[in-house]
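Participant: The following comprises the amino acid sequence and a computationally predicted model.
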Amino acid sequence: MRTSYRLMLLATAGIGAMGLALASAAADDIPTVKIPDEYVTGIGPAGLERPASFPARAQPSSGGEKAAALNGTLYAVVAPTYNGAGGTLSYLRLFNGASAPSNFSITVVGSPTGRTYGTANIQVGRSASPQYTLTQILQNANAAALNGGDTSYALYIQNPDAAAGYQHVTYNSVNGFFENVSVCNALLNQAVGTISSSAVLTNVHTSRIAGYPSQVEFHNYWNAPVTYRVTLVDSATGTVVGSPVNVQTAPNASYSMPFTFFEQQAGWAPTANQFHANLVITDTSGGPPYNLVGQSIVNSTLSANVSMSTACAVNKPASAGDYGGGPGLNGY
């Protein structure tokens, strides 16, 4: 019996070893593929086609770049960006949800080399979300032109405030195409909701951008009516404009309203240079914001609706998905 048992153990061990060997062989059979150079992005997608030939790559210059890769886990990353080739240009909107002016540090990184080209420092006022072109950010960072094999810039953002956020949008001056290309590790309203009873919509088009009018969408997913207070803020300056508007929502109901509805209800007529507004949407009871909020623009040039809802948080909330409730953001 003992001999038979010993033989069984040896056979089992052999099968186990064989299984490990087979698994190892199977793992070794999985190919590892390097992404071809032609898929390195950053060139404006005029037609999504790759040019037949590229100009010779420039040699590295002495433009102040440092050959040191960054640990991206310490940053919010915007990539790829577009520097105007084919008409497509990147715009970065920086939202400050803090109660005082806040500083954004934006490190410009070359792709695919990972070299640092410079760092821009931008102060944003309370509740504001000014918009900057990629060109302006590069100038602020004293960044050199792309060189040494780089085909685009990536932006690495830092800001210590819990409700700091951003949007990455692009506009093509040739065909009029405008879209939100934000890609987030964490959403702005997740961060805002952990410290307040508010949600926010940033850079909603005012009536001054007649060719791209904005629609605002609400959905109340609570099983009872909820009244939300909507405060309008000038995106460029952070100044409250007009009077707050109370909006009552029915349980499980969805709404879609032109932004001009809020302009009229707040008694606000945007001036010639007031192109964007932030909406701070607060549960008047002080409870968590049981609502979904979004925005879209109507692209009159292309007769299409474009979703502009996604906005990213710079920092992942400590308790993502858990809403703190309490006072509205910045007292709104």
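Facilitator: Sure thing, it's come through.

Participant: Tell me who's in contact with the nearest residue to Pro130 once chain neighbours are set aside.
Facilitator: Nearest residue to Pro130, sequence neighbours excluded (CB to CB, 6 or more residues apart in numbering): Ala236, at 5.2 Å. From N, CA and C alone the C-beta is placed, and that goes for glycine too. Neighbouring residues of Ala236 by CB atoms under 8 Å, 6 or more residues apart in numbering: Ala128, Pro130, Gln131, Asn273, Gln274, Phe275, His276.

Participant: Looking at the residues you listed, which one is closest to Cys184?
Facilitator: For the contacts of Ala236, the minimum distance to Cys184 (CB to CB) is 17.8 Å, reached by Gln131.

Participant: list the contacts for that closest one?
Facilitator: Gln131 is in contact with Tyr91, Leu92, Arg93, Asn203, Ser235, Ala236, His276, counting by CB under 8 Å, 6+ apart.

Participant: which residues pair with the last one across the strands?
Facilitator: If I follow you right, that is His276. His205 (DSSP bridges).

Participant: repeat for the third one
Facilitator: When bridges are called by DSSP bridges, Arg93 pairs up with Gln131, Gln167.

Participant: does it really touch Tyr166, like I thought?
Facilitator: Yes - contact status for Arg93 versus Tyr166: in contact at 6.2 Å, counting by CB atoms under 8 Å.

Participant: shared neighbours of these two, anything?
Facilitator: Ala311.

Participant: could you flag which of the contacts of Ala236 are buried?
Facilitator: Ala128, Pro130, Gln131, Gln274, Phe275, His276 (16 or more other CB atoms under 10 Å).

Participant: The nearest residue to the first one once chain neighbours are set aside: how many residues sit nearby?
Facilitator: In this structure, Ala128 finds its nearest non-sequential neighbour in Gly238, 3.4 Å apart by CB to CB, 6+ apart. Residues within reach of Gly238, counting by other CB atoms under 10 Å, total 19.

Participant: same deal with Tyr221?
Facilitator: Counted with other CB under 10 Å, Tyr221 comes out at 13.

Participant: residue ranges of the strands in the stretch 101-250 of the chain, please?
Facilitator: Here the stretch 101-250 of the chain has its strands, by DSSP state E, counting those that start in this stretch, at 102-111, 116-124, 131-133, 152-158, 164-172, 178-180, 198-205, 214-220, 226-234, 245-249.

Participant: gap between Ser127 and Val204?
Facilitator: Between Ser127 and Val204 the computed distance is 14 Å (CB to CB, to the nearest Å).

Participant: let me fix that: Asn246
Facilitator: Distance check for Asn246 against Val204: by CB to CB, it reads 18 Å.

Participant: The two: who's more crowded?
Facilitator: Higher neighbour count among Asn246 and Val204: Val204, with 22 against 11, using other CB under 10 Å.

Participant: who's in contact with that one?
Facilitator: Residues in contact with Val204, defined by CB under 8 Å, 6+ apart, are Ser214, Val216, Ser235, Phe259, His276, Ala277, Asn278, Leu279, Gln295, Met308.

Participant: ok, now with 6 Å
Facilitator: Taking CB atoms under 6 Å, 6 or more residues apart in numbering, we find Val204 in contact with Ser214, Phe259, Ala277, Gln295.

Participant: For Gln295, give the beta-bridge partners.
Facilitator: Val216.

Participant: okay, the residue lying closest to Asn220 once chain neighbours are set aside: pLDDT?
Facilitator: For Asn220, ignoring the flanking residues on the chain, the nearest one in space by CB to CB, 6+ apart is Thr249 at 3.8 Å. Thr249 carries a pLDDT value of 94.

Participant: what about Thr249, distance to Gln167?
Facilitator: For Thr249, the distance to Gln167 - CB to CB - is 25 Å.

Participant: ok, the two, which is more surrounded?
Facilitator: The residue with more neighbours, out of Thr249 and Gln167, is Gln167; 24 against 20, by other CB under 10 Å.

Participant: residues in contact with that one?
Facilitator: Gln167 is in contact with Arg93, Ser182, Ala311, counting by CB under 6 Å, 6+ apart.

Participant: separation between Gln123 and Asn330?
Facilitator: Taking CB to CB, one finds Gln123 at 17 Å from Asn330.

Participant: Look at the two and report which has more neighbours.
Facilitator: Counted by other CB under 10 Å, Gln123 and Asn330 do not tie: Asn330 has more neighbours, with 20 against 12.

Participant: quick one, phi psi at the more buried one?
Facilitator: phi 50, psi 30 (degrees, to the nearest 10).

Participant: And for it, nearest residue in space, chain neighbours not counted?
Facilitator: Take Asn330 and drop its neighbours on the chain: the residue closest to it by CB to CB, 6+ apart is Ser99, 5.2 Å away.

Participant: what's the neighbour count on that neighbour?
Facilitator: 13.

Participant: swap in Gly165?
Facilitator: 29.

Participant: Could you list which residues are in contact with it?
Facilitator: Gly165 touches Phe95, Leu188, Ala311, Cys312, Ala313, counting by CB under 6 Å, 6+ apart.
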